[in-house]
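Chemist: Provided below are the primary sequence and the corresponding predicted coordinates.
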Amino acid sequence: SSSGPHRASQGTTSASAPVFEPAPTGTVTRSPSSASAAARTAPSGYRLVRDPDGFSLAVPDGFTRSPQEERVFYLSPGRTFRIGVKTADPESGGPLAVMRRADARGPSTNPGYRDGRVTATSHGGGPAALWEFTWNGFTAAEGPRHTYDLCWEQGGRMYDVWVSAPVGKVREAKEYFDVAVDTFAPG
């Protein structure tokens, strides 16, 4: 697979000693409120797509749908940028375990896999995991790529949304990733 909001937990205090939970580390991804989720719109330069596989999200104008086995991709012209979505039944250990297993398989699934890191986070009020890594791409012509991948459970399903892009275009890729995750809705 190639796919986070953080909120520090408020510590609790007792009369004897304060107890603080450590703040999680990682990338912050904004989650729309339930009111804005109902009125989801695409930012300028994007369009909201209602995918036949039962989800919606905003993708940049000009991106086209390309289903591939259990994944659905939205590809930029020339396939420079790839937004991927996978919907599945929940797996053992939840999103964090799923992303840690994917990270462990990284060298065998992504040529030149490096700089992989998995971070526990949350999305939509539930546990999630962010996996970020760099790899060589599938061909020399494609060149080195960077991937942002968020996995979470919602409504009895597991969702995995990611963006893969050339390493020189990570800022644009991160924007595409944030918009895809922020506008994603099942059903």
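Modeler: Happy to help now that I have it. Numbering: from 1, shown residues only.

Chemist: can we go C-alpha only for contacts and neighbour counts from here?
Modeler: Noted.

Chemist: and the residue nearest in space to the middle of the chain, what element?
Modeler: With distances taken as CA atoms, centre = their mean, residue 150 lies nearest the centre of the chain, 2.6 Å away. Following DSSP states H and E, one finds residue 150 within strand 145-154.

Chemist: residues making contact with that strand?
Modeler: 2-4, 90, 94-96, 98-99, 122-123, 126-137, 158-167, 170, 174, 177, 181 (CA atoms under 8 Å, 6 or more residues apart in numbering).

Chemist: buried ones in stretch 149-166?
Modeler: 149-154, 158-166 (16 or more other CA atoms under 10 Å).

Chemist: among those, which two are most distant?
Modeler: Spanning the widest gap among the buried residues of stretch 149-166 are 154 and 166, at 30.2 Å by CA to CA.

Chemist: so residue 175 sits in a helix?
Modeler: Yes: using DSSP: H, G, I helix; E, B strand; the rest coil, the secondary structure at residue 175 is a helix.

Chemist: How about the contacts made by it?
Modeler: Applying CA under 8 Å, 6+ apart to residue 175 gives no contacts.

Chemist: per-residue confidence for it?
Modeler: Here the pLDDT value assigned to residue 175 is 97.

Chemist: One more: residue 14?
Modeler: 34.

Chemist: What of residue 92?
Modeler: Predicted confidence (pLDDT) for residue 92: 92.

Chemist: three-state assignment of it?
Modeler: coil.

Chemist: How about it: what's its closest non-neighbour residue?
Modeler: Closest residue to residue 92 in three dimensions, ignoring its sequence neighbours and counting by CA to CA, 6 or more residues apart in numbering: residue 98, at 7.7 Å.

Chemist: Ok, residue 152 next?
Modeler: Residue 152's closest residue in space is residue 128 (CA to CA, 6+ apart), at 4.4 Å.
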